[in-house]
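Asks: Have a look; sequence and predicted model below, questions after that.
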Amino acid sequence: MKSENLKYWTALLANIGVIVGLLFLVLEMRQNSAIATAQVRMEYAATWRTIDGARQEKSFAELINKSLVEPETLSVAEIIQLDA
């Protein structure tokens with residue numbers, strides 16, 4: 001009788017341990033997903049900061065102005081620079 005009772009409680013505790021372990025695994029996966037999403041957003045923002053920084057250079061600003069005012073006068077090198 002005591003042996004069966006001990007088996008029952010041991011199995012119950014083991015099953016509860018498995019369920020708790022699975023819950024922690026799900027929480028960890030959600031956290032990792034949130035971290036990965038934040039990293040992608042940070043990289044995206046950093047890319048746009050780099051582009052905006054390039055636009056602040058006087059020569060590039062003049063090139064953008066030229067492309068808006070007189071696009072037909074752009075040289076091939078200027079078109080490539082704008083494309084980049």
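Replies: Thanks, I have it.
Asks: average pLDDT for whichever strand or helix holds residue 49?
Replies: Per DSSP states H and E, residue 49 falls inside helix 2-55. Mean per-residue pLDDT for helix 2-55: 91.
Asks: Could the C-alpha coordinates of the helix or strand hosting residue 59 be exported in CSV?
Replies: Following DSSP H and E, one finds residue 59 within helix 58-69. Once non-C-alpha atoms are left out, helix 58-69 reads as follows in CSV (Å, rounded to 0.1, in the frame of the first residue of the first chain):
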residue,chain,number,x,y,z
LYS,A,58,26.4,69.5,-47.9
SER,A,59,27.5,67.8,-51.2
PHE,A,60,24.8,65.1,-50.9
ALA,A,61,22.2,67.7,-50.0
GLU,A,62,23.1,69.6,-53.1
LEU,A,63,22.9,66.5,-55.2
ILE,A,64,19.4,65.7,-53.9
ASN,A,65,18.4,69.3,-54.6
LYS,A,66,19.8,68.9,-58.2
SER,A,67,17.9,65.7,-58.7
LEU,A,68,14.6,67.4,-57.7
VAL,A,69,15.1,70.7,-59.6
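Asks: after it comes which helix or strand?
Replies: In N-to-C order, the element after helix 58-69 by DSSP H and E is helix 76-83.
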